[in-house]
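Student: predicted model and sequence below, questions to follow.
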Amino acid sequence: MAEGTRVILAAQLNGHTFIDAFKFIWEDRSFVGQKVLEHLALSAVSVAIATVIALPLGVWLGHVHRGSFIAINGSNLLRALPSLAVISIFLPALGIGHGVVVIALVVLGAPLILTNSYVAVDGVDPDVVEAARGMGLTARQILLRVELPLALPLIFAGIRTAAVYVVATATLAGVVGGGSLGDIIFNQATYFLSGIVGAAMLVSALAFAAYFFFALLERLLTPRGLRHAGAERGHEEEAPVVFEAAAT
């Protein structure tokens, strides 16, 4: 039955479908705009909570060079949990609504941030840290003035990837009455194929927007000298693949 449904939907997808999708977005722009705001709010809250939980833990573990099992293996274990399974676990206690979806999205995003934060700080050149220690900097000053600035690109890679995942997965809120664009995507009987395609395009646009927002934020927060150094290294050698391994 599922395969037959996919065949029917594929047969219905054509140029007119996308035109109708844009018409749906425009003609119902007030309703669609409300769902976009719900989607953004849900995603923003989830990414913020995941960052508050995972970022300090990952940075601290990387600074003390301990807890790699927690930072990497524990994160991989959490990432293996399907979001729908997490929703099912907490649904009896929290009921339908935003709360259970936020928990599922935090479980999705936090491991990426934790792993990248740990790898970023733990991977700072030991010679640089030793030189800073020789200049008389305290452990806290080394963390704030040396390790964090050098680790920012990889830390933001984790946050950026987590944000994209969260935005794309927030549509599950439509399954449990949590709002978002998922209300449209999971209700073909009401909004038809044009509504589903239109909402899916908006989710994709929001995911791209989240990616570029955090890329811009990374650029603004990275010291200018490090940006130039990173650009010069980019012309000389291939980009590191640590973030790809942490994000898959």
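Tutor: Yep, that arrived. Numbers count the residues shown, from 1 in each chain.

Student: buried stuff in the helix ranked longest in the chain?
Tutor: When the chain is parsed with DSSP state H, its longest helix is helix 29-64. In terms of neighbour count (16 or more other C-beta atoms under 10 Å), helix 29-64 has its buried residues at 32, 35-36, 38-40, 42-43, 45-47, 49-51, 54-55, 57-59, 61-63. (Glycine included, C-beta is placed from N, CA and C.)

Student: what's the helix or strand that that helix is followed by packed up against?
Tutor: Counting by DSSP states H and E, the next helix or strand C-terminal to helix 29-64 is helix 68. When contacts are defined as 3 or more C-beta pairs under 8 Å, 6 or more residues apart in numbering; DSSP states H and E, helix 68 packs onto no helix or strand at all.

Student: now helix 68, how far from the centre of its chain.
Tutor: Relative to the centre of its chain, helix 68 is centred 22 Å away, using C-alpha atoms, centre = their mean, to the nearest Å.

Student: and for the closest residue to Val32 other than its chain neighbours, the neighbour number?
Tutor: Nearest non-adjacent residue to Val32, counting by C-beta to C-beta, 6 or more residues apart in numbering: Ile25, 5.4 Å away. Using other C-beta atoms under 10 Å, Ile25 has 20 neighbouring residues.

Student: just checking, what packs against the host helix or strand of Ile25?
Tutor: Using DSSP H and E, Ile25 sits in helix 15-27. In this structure, helix 15-27 packs against helix 188-221, with contacts taken as 3+ C-beta pairs under 8 Å, 6+ apart.

Student: give me that answer again for 10 Å
Tutor: helix 29-64, helix 188-221 (3 or more C-beta pairs under 10 Å, 6 or more residues apart in numbering; DSSP states H and E).

Student: quick one: average pLDDT of the last one?
Tutor: Model confidence over helix 188-221, given as mean pLDDT, is 90.

Student: from here on, count from 24
Tutor: All right, first residue 24 from here; so that's helix 211-244.

Student: what angle separates it from helix 52-87?
Tutor: 40 degrees (axes from the mean of the first three to the mean of the last three C-alpha atoms, to 10 degrees).

Student: helix 211-244 to helix 38-50, inter-axis angle?
Tutor: Using the same axes, to 10 degrees: helix 211-244 against helix 38-50 is 70 degrees.
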